[in-house]
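> Give me a model of this one.
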Amino acid sequence: QVQLVESGGGLVQAGGSLRLSCAASGRTFSLYAMGWFRQAPGKEREFVAGISQSGGTTDYANSVKGRFTISRDNANKAVYLQMNSVKPEDTAAYYCAARSNGLGPRATYAYNYWGQGTQVTVSS
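Okay, here's the model as predicted:
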């Protein structure tokens, strides 16, 4: 099993940057592909970015491609989401998730473990 705790959310102006972190517990972090999802009020949770176990493969939603970067540090059991050029439509609760297989579908059902989320608010 793995437990996930997100941090780094907050209020940022449009065009600014924010870096989210997700700390994982458990001895087998490197065996999990990781993902970031987000959920805005009244909307379904949606895929943002994913990264393979080694970090060698990444995947992004079209809405964030070129602006967000996912990365991981297996030695420190952490995954990050660097958010640049943020827009008001990026406002949402952001969730870290783990998948006990390789990088898979961009869907919530594909991930086994979830954090509690961190709120990101982008002002215009």
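> mind listing what residue 54 touches?
Neighbouring residues of residue 54 by CB atoms under 8 Å, 6 or more residues apart in numbering: 30, 74. C-beta: built from backbone N, CA, C; applies to glycine.
> Make sure it is indeed in a helix.
No: going by DSSP: H, G, I helix; E, B strand; the rest coil, the assignment for residue 54 is coil, not a helix.
> Which residues does the residue nearest in space to the middle of the chain form beta bridges with?
Among the residues of the chain, the one closest to the centroid is residue 36, at 2.2 Å (CA atoms, centre = their mean). Note on residue 36: beta-bridge partners by DSSP bridges are residue 49, residue 96.
> please renumber so the chain begins at 4
I'll keep to 4 as the first residue from here, and by that count the last item is residue 39.
> Check the spacing between it and residue 52 real quick.
With distances taken as CB to CB, to the nearest Å, residue 39 is found 5 Å from residue 52.
> next one: residue 85
For residue 85 relative to residue 52 (CB to CB), the value is 10 Å.
> More neighbours: which of those two?
residue 52 (24 against 15; other CB atoms under 10 Å).
> list the contacts for the more buried one?
Taking CB under 8 Å, 6+ apart as the test, what residue 52 contacts is 38-39, 61-64, 67, 71-73, 84.
> Same check on residue 81?
For residue 81, the contact set (CB under 8 Å, 6+ apart) comprises 24-27, 75.
> Can I get those residues in TSV including pLDDT and neighbour count?
Putting those into TSV (pLDDT from 0 to 100; neighbours: other CB atoms under 10 Å) gives the following:
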residue	pLDDT	neighbour count
24	98	17
25	98	25
26	98	16
27	97	23
75	98	23
